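**Student:** Let's see this in three dimensions:
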Amino acid sequence: MGIGIPGVLDMITDSFILSMLIPISIICLGGAIPHYLESRRIDSLSKALPEALESISTSLGAGLGLQQAVTTVAKERNDLFGEMLNRAVERSAASSFDAALSEFALNTRCPPIQRAIGLLQTANDSEAPLRDVTFSMSLEFEKFYHLRSKRVRDLGGQAFMLKVFMCIVIPVTMGAMFGLFAGPTTGVPMGSFHLGMLLFMISSGLFAVVGGAIMIGKETIAAIWWAPFWAFVASFVYMGSYMGASIFI
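**Tutor:** Numbering: from 1, shown residues only. Sure thing, here's the model as predicted:
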């Protein structure tokens, strides 16, 4: 193998596993990125929910009905939550207000909002004190979002470091060790051994992705899309370290 970019290209083309991981990673990134954008959208909607419920409670305390309170909140907010709620309010003119709220909750694809709308409609049907109900819900959802954000902040860094350790630190260490003591110039047959090590690196990438997702409470299905990318990183770093270390012997 050569040195530099030609050597890297030779390393990839000479390895069937590395050659296959590149297109698989690109394809899976096409699924991972939409999941990431969708999670960001749902997170922004969840973050806006407690404030919206508190505003509805304030409007109800001022003597407005539920529909008027929701309409007021929809017009006051200029974020995605307000935009989607305003569209639902506009559509309520052609249907019922309850149907519009249900459609709004369904379109958000946000479980906290869907639960909040369900509780709000149940409270309205049972003629419960809506002001107290909405205020209590705002406190509960604010606490829920705070706890979830704290978990992501506390464990997000650890989940990322798990990927770094499994997909960079370990491959660099093992690749450099084998390159120094069993490089190509030593005549040691490493072909079948590299195959086993690359399979191990793929397993490391999968473990890092799944373990990190479990740590921060992320859906495993959404996280799996990133597994081929991190498997390629681990395999590429291992082989690159092996090649780089073998230069010194």
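
**Student:** Now the one helix or strand residue 162 maps to: average pLDDT?
**Tutor:** For residue 162, the host element (DSSP states H and E) is helix 130-164. Model confidence over helix 130-164 averages 87 on the pLDDT scale.

**Student:** Same question for it: list its buried residues.
**Tutor:** Going by neighbour count (16 or more other C-beta atoms under 10 Å), the buried part of helix 130-164 is 130-131, 133-135, 137-138, 140-142, 145, 152, 155, 159, 162-163. C-betas here are computed from N, CA, C, even on glycine.

**Student:** what's the model's confidence in the longest helix along the chain, averaged?
**Tutor:** Secondary structure of the chain per DSSP state H: the longest helix is helix 16-61. Across helix 16-61, the average pLDDT comes to 90.

**Student:** Tell me the buried residues in the helix or strand following that helix?
**Tutor:** Sequence order places helix 66-76 as the next helix or strand after helix 16-61, per DSSP H and E. Within helix 66-76, the residues that count as buried by 16+ other C-beta under 10 Å are 66, 69, 70, 71, 72, 73, 74.

**Student:** And for stretch 193-203?
**Tutor:** Of the residues in stretch 193-203, 194, 197, 198, 200, 201, 202 count as buried by neighbour count, 16+ other C-beta under 10 Å.

**Student:** The helix or strand hosting the first one versus helix 130-164: what angle between them?
**Tutor:** The one in question is residue 194. Secondary structure assigned from DSSP H and E places residue 194 in helix 191-216. With axes from the mean of the first three to the mean of the last three C-alpha atoms, to 10 degrees as the basis, helix 191-216 and helix 130-164 are set at 160 degrees to each other.

**Student:** centroid residue for this protein?
**Tutor:** Geometric centre of the chain, nearest residue: residue 36, 4.8 Å, by C-alpha atoms, centre = their mean.

**Student:** I'd like the distance between residue 98 and residue 121.
**Tutor:** Distance, residue 98 to residue 121, by C-beta to C-beta, to the nearest Å: 6 Å.

**Student:** With residue 140 instead?
**Tutor:** 17 Å.

**Student:** show me what contacts residue 33?
**Tutor:** By C-beta atoms under 8 Å, 6 or more residues apart in numbering, residue 33 lies in contact with nothing.

**Student:** What about residue 204, how many residues nearby?
**Tutor:** Look at residue 204: counted by other C-beta atoms under 10 Å, it has 22 neighbours.

**Student:** One more: residue 189?
**Tutor:** Counted by other C-beta under 10 Å, the residues lying close to residue 189 total 8.

**Student:** Quick check: nearest residue in space to residue 101, chain neighbours excluded?
**Tutor:** With sequence-adjacent residues excluded and distances taken as C-beta to C-beta, 6 or more residues apart in numbering, residue 101 is closest to residue 117, at 5.4 Å.
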